[in-house]
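In: Sequence first, predicted coordinates after that:
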Amino acid sequence: METLNLRTDEELVALFMSGNNEAFDELLQRYQEKLYNYILYIVRNNDVADDIFQETFVKVIVSLRQGRYKETGRFYAWLTRIAHNMLIDQFRFEKNENLIYEEDAEHAWQETSILLDTHRESEIVNEQVLNDVRRIMDHLPDNQREVVYMRYYQELSFKEISDITGVSINTALGRMRYAILNMRRLAKEHRISLDFE
């Protein structure tokens, strides 16, 4: 019996495409929890998350069988992009919350430059701050909440976020900028400190 858990994602994809269904089971095992948590966090409804999760993996299977996977070394990013597209379809029928957006983009950039500084990207954020941020994030518009979640909870780069969401890096950065402004405003209203270590 071959130990599939030692294989790379690409090796598993190749095995699956050649007829080894157990290879796909290994891919599913690797990413199901992380992907499901991402979907659930965005939709905040177990039934909807279950449906989108299942539809995502059906689409993945179909895409692999049709030979449409060309993302060597980036299986999880490809998988997440498919889920993201499913989420977009889901949200087309829902309205975003209306928040007041900061008009002064230059001022917004200055306020968030510390958070976006590449030297600080790899630092660990205080656990209590992340818990407070998670509570505040629930009040953000969907596209802002998604970028914050991907950046801080999935630890994706803005390039990866851009690829997954299908927007430019500047748009991803802009969504983060406005998300941080809105979170700071909400934190101030609720007297929550968002200081990072």
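Out: Looks like it arrived, so ask away.

In: mind listing what's buried in stretch 147-166?
Out: Within stretch 147-166, the residues that count as buried by 16 or more other Cβ atoms under 10 Å are 147-154, 156, 158, 160-165. Backbone N, C-alpha and C define where each C-beta goes, glycine included.

In: Next: stretch 4-19.
Out: Within stretch 4-19, the residues scored as buried using 16+ other Cβ under 10 Å are Leu4, Arg7, Asp9, Leu12, Val13, Leu15, Phe16.

In: before we move on, what about stretch 48-63?
Out: Buried residues in stretch 48-63 (16+ other Cβ under 10 Å): Ala49, Ile52, Phe53, Glu55, Thr56, Phe57, Lys59, Val60.

In: show me the residues around Val13 that make contact.
Out: Contacts for Val13 (Cβ atoms under 8 Å, 6 or more residues apart in numbering) come out as Ala23, Leu27, Leu64, Tyr69, Phe75.

In: Next, give me the two most distant ones among these.
Out: Ala23 and Tyr69 (12.7 Å; Cβ to Cβ).

In: what does the longest helix anywhere in the chain rub up against?
Out: As assigned by DSSP state H, the longest helix anywhere in the chain is helix 21-43. Contacts of helix 21-43 with the rest of the structure, by Cβ under 8 Å, 6+ apart, involve 4-5, 7, 9, 11-13, 15-16, 46, 49, 52-53, 56-57, 61, 64, 75-76, 79-80, 83, 86-87, 90, 142, 145-146, 149-150, 153-154.

In: Please flag which of those sit within strands.
Out: Counting by DSSP state E, the contacts of helix 21-43 place none of their members in strands.

In: Buried ones in the helix or strand where Asn182 lies, by neighbour count?
Out: Using DSSP states H and E, Asn182 sits in helix 169-189. Going by neighbour count (16+ other Cβ under 10 Å), the buried part of helix 169-189 is 171-184, 186-187.

In: How is this protein divided into domains?
Out: Under the assignment automatic domain parsing, the domains of the chain span 4-91, 105-189.

In: Now mean pLDDT too, for those domains, in TSV please.
Out: Shown next, in TSV, are the domains of the chain (pLDDT from 0 to 100):
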stretch	mean pLDDT
domain 4-91	88
domain 105-189	71
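
In: And for Arg30, the neighbour number?
Out: Look at Arg30: counted by other Cβ atoms under 10 Å, it has 17 neighbours.

In: Out of the buried residues of stretch 4-19, which comes closest to Arg135?
Out: Distances from Arg135 to the buried residues of stretch 4-19, taken by Cβ to Cβ, are shortest for Asp9, at 33.8 Å.

In: Identify the residues contacting the nearest residue in space to that closest one that is not next to it in sequence.
Out: With sequence-adjacent residues excluded and distances taken as Cβ to Cβ, 6 or more residues apart in numbering, Asp9 is closest to Phe75, at 3.8 Å. Each residue near Phe75 by Cβ under 8 Å, 6+ apart is listed here: Asp9, Glu10, Val13, Leu27, Tyr31, Tyr69.

In: same thing with Phe57?
Out: Phe57 makes contact with Leu28 under the criterion Cβ under 8 Å, 6+ apart.
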